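Novice: From the sequence below, what's the structure:
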Amino acid sequence: MSIANALLLAGALLVTLLPAAVYAQGQGQGQGRGGPPGLERPAHAQPGPPARRGGGSAAEGASLSFSLSFSAGERDLIRDWFLRNPLQPAALPPGIARNLARGKPLPPGIAKRFLPQPLLGQLPRRDGYEYLLIGASVVLVAAGTQVVVDILADVL
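Specialist: Numbers count the residues shown, from 1 in each chain. Below you'll find the predicted structure:
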């Protein structure tokens, strides 16, 4: 089998299996609103599919969604904000902490909070994505699928 045929077969499998995997991830996960005041869901972070740049197939959209990450300026801004405004991190059980990884959906039952509004107002708006505070880390997730796009670890 040639390399071109192998790539074509792999692409066809990805396009066939990706919608089923995305659908299965969203089953049984509610949109809780617990947590302390000031950490509510921001108005611009509505659940929905991640924003896609341009057209393309579902497989192309999935690969593009992982190209987003925190910029150096965002990392500095977030770290500086939490140095000036310390919060007590919620401890994560070791098993859940190990399953928190870029490119994977958030583990079920994970305690997540939205970033404080004053900090959110300083970060760029990313339609289809949410900034979450999970344990001592700030996480960027696709709002519709809850797949982790980037993690800024140990900011608290």
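Novice: got the buried residues for stretch 104-118?
Specialist: Pro105, Leu106, Pro107, Ile110, Lys112, Arg113, Phe114, Leu115, Pro116 (16 or more other C-beta atoms under 10 Å). C-beta here means a position set from N, CA and C on the backbone, and glycine is covered the same way.
Novice: quick one: the third one from Gly144, how far?
Specialist: I take that to be Pro107. 17 Å (C-beta to C-beta, to the nearest Å).
Novice: Next SSE downstream of the helix or strand of the chain at the bottom of the mean pLDDT ranking?
Specialist: Of all helical and strand segments in the chain, the minimum by mean pLDDT, DSSP states H and E falls on helix 58-65, at a mean of 40. Next in sequence after helix 58-65, counting helices and strands by DSSP states H and E, comes helix 72-84.
Novice: Can you name every helix or strand that the helix or strand following that following helix contacts?
Specialist: Going down the chain from helix 72-84, the next helix or strand is helix 94-98, by DSSP H and E. Contacts defined by 3 or more C-beta pairs under 8 Å, 6 or more residues apart in numbering; DSSP states H and E place helix 94-98 against no helix or strand at all.
Novice: Could I get the contacting residues of the closest residue to Val138 other than its chain neighbours?
Specialist: Leaving out its chain neighbours, the residue that sits closest to Val138 by C-beta to C-beta, 6 or more residues apart in numbering is Leu152, at 4.4 Å. By C-beta atoms under 8 Å, 6 or more residues apart in numbering, Leu152 lies in contact with Phe70, Glu74, Arg75, Ile78, Arg79, Ser137, Val138, Val139.
Novice: Which of those residues are buried, as a ChimeraX select command?
Specialist: To isolate the buried ones among the contacts of Leu152 in ChimeraX, judged by 16+ other C-beta under 10 Å, type:
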select :70,74,78,137,138,139
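Novice: Switch the contacts of Leu152 over to CSV; also include pLDDT and distance to Gly128.
Specialist: Output for those, formatted as CSV (pLDDT from 0 to 100; distance: C-beta to C-beta, whole Å):
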residue, pLDDT, distance to Gly128
Phe70, 93, 16
Glu74, 94, 17
Arg75, 95, 21
Ile78, 96, 20
Arg79, 96, 25
Ser137, 93, 21
Val138, 95, 18
Val139, 96, 15
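Novice: I appreciate the help and will end here.
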